[in-house]
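S.K.: Starting from these lines, generate the structure:
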Amino acid sequence: MSNKAITKAAEIIKSKTAAENMGVGVTLSLLDHEGYPTTSTLSISKADGIRQITFGASLDCNKTKRAQANSRACVCIFDDDYEGGAYYNITLVGDIEIVTDVELKKETWYSGLEEHFPQGIDDPNYCVLKFTTKRYNIWVDMEEEEVKGSF
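M.R.: Numbering: from 1, shown residues only. Now for the predicted structure:
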């Protein structure tokens, strides 16, 4: 059962990437300077199943500053009308890092980012937030049970 749920969750996440479905947002939660959780909506640049997700961001935005101060993060992908009414909630908990490596910036670039970064991947303010899952909580269908696990 858990492999089926993880595979389905990976397919859902892939369908939410900017390359597959421009403009679909997922939530990213980080801790602020006072230790309180804050949540932002972002588009996924690229995903490797449920294990790793990347987002395009600005070096000077609050999300990046929060990630720099505390790498603990949570990504949540939710919908209550998936494939004709099936429900899913994918919560991934892990660590996030700020990456400025040109190769990763190239791999994760998608059209739409040029709106924010007019110089493209060479824009000095463009970076990648790379999230790596440590544990997960997946509910992919009302008829299936919840799946929890860790890496």
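S.K.: For this protein, which segments count as helices?
M.R.: Taking DSSP state H as the criterion, the chain carries its helices at 2-15, 62-69, 102-108.
S.K.: Out of the ones you listed, which is closest to residue 140?
M.R.: Closest to residue 140 of those is helix 2-15 (CB to CB; 4.6 Å). In this view, the C-beta of every residue, glycine as well, is placed from N, C-alpha and C.
S.K.: Packing partners of the closest one?
M.R.: strand 46-48, strand 72-82, strand 86-99, strand 126-139, strand 147-150 (3 or more CB pairs under 8 Å, 6 or more residues apart in numbering; DSSP states H and E).
S.K.: Return the list of strands paired to the last one, each annotated with direction.
M.R.: So the one you mean is strand 147-150. strand 126-139 (antiparallel) (DSSP bridges).
S.K.: Next: the second one.
M.R.: The sheet places strand 72-82 alongside strand 26-31 (antiparallel), strand 86-99 (antiparallel), with pairing taken from DSSP bridges.
S.K.: just the CA coordinates of the first one, formatted as PDB?
M.R.: Once side chains and other backbone atoms are set aside, the C-alpha atoms of strand 26-31 remain, and they are given as PDB (Å, rounded to 0.1, in the frame of the first residue of the first chain):
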ATOM      1  CA  VAL A  26       1.900  24.600  -3.400                       C
ATOM      2  CA  THR A  27       2.700  25.800   0.100                       C
ATOM      3  CA  LEU A  28       6.100  26.100   1.600                       C
ATOM      4  CA  SER A  29       6.300  26.800   5.400                       C
ATOM      5  CA  LEU A  30       9.400  28.100   7.100                       C
ATOM      6  CA  LEU A  31      10.100  29.600  10.500                       C
END
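S.K.: For it, buried residues please.
M.R.: Buried residues in strand 26-31, defined by neighbour count with 16 or more other CB atoms under 10 Å: 26, 28, 29, 30, 31.
S.K.: could you list every residue that touches the second one?
M.R.: By that I understand residue 28. By CB atoms under 8 Å, 6 or more residues apart in numbering, the residues touching residue 28 are 39, 40, 41, 42, 55, 63, 73, 74, 75, 96, 129, 131.
S.K.: Dump these to CSV, plus pLDDT and neighbour count.
M.R.: Formatted as CSV, the contacts of residue 28 follow (pLDDT from 0 to 100; neighbours: other CB atoms under 10 Å):
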residue, pLDDT, neighbour count
39, 96, 10
40, 92, 16
41, 91, 9
42, 90, 17
55, 95, 24
63, 95, 19
73, 98, 25
74, 98, 20
75, 97, 24
96, 98, 26
129, 97, 23
131, 98, 23
